[in-house]
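Novice: Below are the sequence and a predicted model; questions follow.
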Amino acid sequence: MMYTYSIMSHSKWHVIYYEDALKRSNVFDFIEGRKDREKAKILAMLAVLEEQGHQLPRPYADLLIDGIHELRVKLSGDQIRILYFFCYRDFIILTNVFTKTTQKVPVNEIQKARKLRSDFLQRNSEQALRRTIHEDS
């Protein structure tokens, strides 16, 4: 089963949680582990990302490097960052999440997102993703 996120049935973008080979998702587990109010705030930001995609401006999102983007969420004073990338024209893949404690996004988090992107694209074709989205609707 692939975790997908969709609040809008006719959105241009489809948000998908990266899952490893054992079907675990760091981002999904992080969101599910939050208090209801925090979870609602994150899901609201994902809804905006799903609707606006590349057009989502700072301070809500930013392009980091090499096609890796960050979604910026502030929760109880913590700076939460969800890293993601775009693929196959209308998919947004959420790769990893962390609490930002330094001025810049840690290089190791960006490297992790790049590695997860490579793994995701190796294991998931555009056709398979479209079938998944079709089955979920």
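Specialist: Thanks, I have the structure now. Numbering: from 1, shown residues only.

Novice: Could you grab the helix/strand/coil label for Arg24?
Specialist: coil (DSSP: H, G, I helix; E, B strand; the rest coil).

Novice: Could you check how many residues crowd around it?
Specialist: Look at Arg24: counted by other CB atoms under 10 Å, it has 12 neighbours. (C-beta placed from N, C-alpha, C; glycine too.)

Novice: do the same with Phe98
Specialist: Counted by other CB under 10 Å, the residues lying close to Phe98 total 18.

Novice: Please look at it and Pro106 and confirm they touch.
Specialist: Yes. Between Phe98 and Pro106 there is a contact under CB atoms under 8 Å: 7.5 Å.

Novice: So which residues of this protein form strands?
Specialist: In the chain, the strands defined using DSSP state E lie at 4-5, 14-17, 61-65, 68-75, 78-87, 91-100.

Novice: For Lys41, which of those is the nearest?
Specialist: Nearest of the strands of the chain to Lys41, taken as CB to CB: strand 68-75 at 6.5 Å.

Novice: Skipping adjacent residues, who's closest to the residue positioned nearest the centre of the chain in space?
Specialist: Geometric centre of the chain, nearest residue: Leu94, 2.2 Å, by CA atoms, centre = their mean. Closest residue in space to Leu94, ignoring its immediate chain neighbours: Val27 at 4.4 Å, by CB to CB, 6 or more residues apart in numbering.

Novice: so what's Asp62 bridging to?
Specialist: Beta bridges link Asp62 to Glu70, judged by DSSP bridges.

Novice: For it, give its distance to Gln127.
Specialist: Distance of Asp62 to Gln127, given as CB to CB, to the nearest Å: 31 Å.
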